[in-house]
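Engineer: What follows is a protein structure lacking sequence information:
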């Protein structure tokens, strides 16, 4: 393998990764608007970022526990979200997070709809699931190397259409070098992680960010070939590598 | 028309990749349904009762990886039940049942492919078995009448990429192979050998599956389905006797393209009424009918079923009779549908 050349401007420290922030001390993310992952023109998930900003503002201005803010009264969903976010941030564990959501639904929805009704997944949640995957050849995570960027995750989590309950999820990865031979392995690791962690209604499409790889089309085709992925997942050697990559997931 | 769920069979614990129907060679009555899955199991269900009872589970210690394809051998000696099952473990197993009371036994294990075997199918006369693999090759095996000896009569390496599916014509020796290289190749026997006589180029993505129309009275036709969300009906226009000329196939029609919104993995052509069924990653079953009669090339959608395997993808579809079809999905379910 050739020398490590990171074409992305800087390697991020673990603490610099974009995350959902609820208290003022960790809301630095919103002050860092000049960071490339936020000024990225492809930043699609405006909705969730706006929500997050609103949440952050509310929390900076009022005491969350005793909040009398009219905003909170008006937006019932927000309140639900806040409690949820708080729990999530306290636990910091995506697996626990899922449990929390399930519990939340238990109290409000009929049981058979539980799995289907979980509607709170956004780009940040996907980011949290995959950003901590280790790079196969560097002692850093995909988030730190900016192989995964929050702005390159698109998720359509709209209410169910009459046609289908499936949801599209698009992840663009940015390899560190344009001839990175491990791009398919990284993509496979992301796919395995998502298949294990997400509800089966999500249909992840994983592609290279346009212009970031010499064999872009080839890699994209392979990454989204269901049968090749299935066969790769039965290859013990490959599975061991992926297991190592995923062992740093939080 | 409407698709109604007749039965949901929960025997597999992982994705179902392939289905095959065993029919009575004389009467055409459907007898058994075989299925292969990522749970490494081959299951056989009865089609002669309304309950679709489990008939048998094959010995699951033979294959170490996903069962990618299953196929019943037609025209066997004394109507013996013979099944081929190919696997990602690079081998294809041949199973036979001696008598009603005994279990299926392993008769042969065919080796030769370097990588995963993706698909296997018996020719209409039961003489040949075709297998294809990620190693870019198609092998044609000639079987003895006891299904114990297999001689490789051709290794066809026409494709540039892995081959997803092999499909024989239901009434003559003609083979179609679908590939990751976006093409379909057609082969026929020629002078003790097998020749590639046509390359069908028109899809803009992996071709997952193909199915011939039955019958010999009209021009031969083939339907193919692809990653590019389209289904194409190809027609054999000119069948040159001269070997060098090969065959000329043209696109006769494209099936209505609003049917599927994700990859199309399976298609099947009903041998009696000419209906085409397709399934795919969008979880949909779509049924197409040739509206102005057989051969007209004008197709419309006559039935659809959304989320047929809830939120899971559908990998394969097969007609059981004119009004009944079976689908296999990533939820591990086999679903039996009736078209009313």
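Structural biologist: Arrived safely. What you see is a predicted model, and the numbers here were worked out from it, not measured in a lab.
Engineer: doesn't residue A:192 fall inside a helix?
Structural biologist: Yes. Assigned with DSSP: H, G, I helix; E, B strand; the rest coil, residue A:192 falls within a helix.
Engineer: Run a quick check on it versus residue A:233, I expect a contact.
Structural biologist: Yes. Using C-beta atoms under 8 Å, residue A:192 is in contact with residue A:233, at 6.7 Å. Any C-beta I mention is one placed from the backbone N, CA and C, and that applies to glycine too.
Engineer: what about those two, which has more around it?
Structural biologist: A direct count of neighbours by other C-beta atoms under 10 Å in any protein chain shown for residue A:192 and residue A:233 places residue A:192 higher, at 20 against 17.
Engineer: Skipping its backbone neighbours, what lies nearest that one in space?
Structural biologist: In space, and not counting its chain neighbours, residue A:192 is closest to residue A:242: 5.5 Å by C-beta to C-beta, 6 or more residues apart in numbering or on different chains.
Engineer: quick one: contacts for the one you found?
Structural biologist: Each residue near residue A:242 by C-beta atoms under 8 Å, 6 or more residues apart in numbering or on different chains is listed here: A:185, A:188-189, A:192.
Engineer: Flag every residue of the stretch 201-340 of chain B that's near chain A.
Structural biologist: Taking C-beta under 8 Å from any C-beta of the partner chain as the measure of proximity, the stretch 201-340 of chain B contacts chain A at B:205-206, B:261-263, B:265, B:281-284, B:306-307, B:310-313, B:330-331.
Engineer: Quick check on these: which are buried?
Structural biologist: B:205-206, B:261-263, B:265, B:281-284, B:307, B:310-313, B:330-331 (16 or more other C-beta atoms under 10 Å in any protein chain shown).
Engineer: can you give me the helices for chain A?
Structural biologist: For chain A, the helices defined by DSSP state H cover A:28-31, A:36-39, A:46-61, A:70-74, A:76-91, A:94-108, A:114-117, A:123-130, A:183-197, A:216-223, A:226-232, A:236-246.
Engineer: Let's see which of the residues of the stretch 201-340 of chain B next to chain A end up in strands.
Structural biologist: Among those, the members found in strands (DSSP state E) are B:265, B:310-311.
Engineer: Tell me who's in contact with residue A:226.
Structural biologist: Contacts of residue A:226 by C-beta under 8 Å, 6+ apart are B:263, B:265, B:281, B:313.
Engineer: Give me the pLDDT value at the first one.
Structural biologist: Translated: residue B:263. You'll see residue B:263 listed with a pLDDT of 97.
Engineer: ditto for the one 5 residues further on
Structural biologist: In this model, residue B:268 is scored at 98, pLDDT.
Engineer: What residues are recorded as beta-bridge partners of it?
Structural biologist: Under DSSP bridges, the beta-bridge partners of residue B:268 are residue B:277.
Engineer: burial measure for it, as a count.
Structural biologist: Neighbour number of residue B:268 under other C-beta under 10 Å is 23.
Engineer: these two touch, right, it and residue B:276?
Structural biologist: Yes. Using C-beta under 8 Å, residue B:268 is in contact with residue B:276, at 7.1 Å.
Engineer: OK, contacts around whatever residue of the stretch 201-340 of chain B ends up closest to chain A?
Structural biologist: The minimum distance from the stretch 201-340 of chain B to chain A, using C-beta to the nearest C-beta, falls at residue B:311 (3.8 Å). Counting by C-beta under 8 Å, 6+ apart, residue B:311 touches A:116, A:164-166, A:199-201, B:283.
Engineer: how far away is the closest residue to it other than its chain neighbours from residue B:305?
Structural biologist: Leaving out its chain neighbours, the residue that sits closest to residue B:311 by C-beta to C-beta, 6+ apart is residue A:201, at 3.8 Å. From residue A:201 across to residue B:305, the span is 17 Å (C-beta to C-beta, to the nearest Å).
Engineer: With residue A:231 instead?
Structural biologist: Where residue B:305 is concerned, residue A:231 sits at a distance of 29 Å (C-beta to C-beta).
Engineer: Same check on residue A:241?
Structural biologist: 40 Å.
Engineer: who has more neighbours, those two?
Structural biologist: Legend: neighbour count by other C-beta under 10 Å for residue A:241 and residue B:305, higher for residue B:305 (21 against 16).
Engineer: Now do the closest residue to residue B:173 other than its chain neighbours: how many residues are near it, please.
Structural biologist: Once flanking residues are discounted, residue B:173 sits nearest to residue B:189: 5.3 Å by C-beta to C-beta, 6+ apart. Residue B:189 has 17 neighbours, counted by other C-beta under 10 Å.
Engineer: Go ahead and confirm residue B:189 touches residue B:169.
Structural biologist: No. Under the criterion of C-beta under 8 Å, residue B:189 makes no contact with residue B:169, lying 11.9 Å away.
Engineer: Chain A against chain B: which residues are in contact?
Structural biologist: A:116, A:162-166, A:199-201, A:203, A:221, A:225-228, A:230-231, A:234.
Engineer: how many neighbours does residue 150 have?
Structural biologist: As the question left the chain open, I've gone with chain A. So residue A:150, with other C-beta under 10 Å, has 25 neighbours.
Engineer: wrong one, chain B
Structural biologist: 22.
Engineer: for the closest residue to it other than its chain neighbours, which residues make a bridge with it?
Structural biologist: In space, and not counting its chain neighbours, residue B:150 is closest to residue B:141: 4.4 Å by C-beta to C-beta, 6+ apart. Taking DSSP bridges as the rule, residue B:141 bridges to residue B:129, residue B:152.
Engineer: Surely residue B:141 and residue B:113 touch.
Structural biologist: No. Checked against C-beta under 8 Å, the pair residue B:141 and residue B:113 is beyond contact range at 11.4 Å.
Engineer: Could I get the pLDDT score of residue 110?
Structural biologist: Since you didn't name a chain, this refers to chain A. 43.
Engineer: try chain B instead
Structural biologist: 98.
Engineer: Tell me how far it lies from residue A:211.
Structural biologist: Residue B:110 is 45 Å from residue A:211, by C-beta to C-beta.
Engineer: So which of these two has more stuff around it?
Structural biologist: residue B:110 (21 against 8).
Engineer: show me the residues around the more buried one that make contact.
Structural biologist: B:91-94, B:129, B:131, B:141, B:150.
Engineer: and residue A:14, how many neighbours does it have?
Structural biologist: 11.
Engineer: Let me fix that, I meant to ask about residue B:4.
Structural biologist: Residue B:4, neighbours per other C-beta under 10 Å, totals 10.
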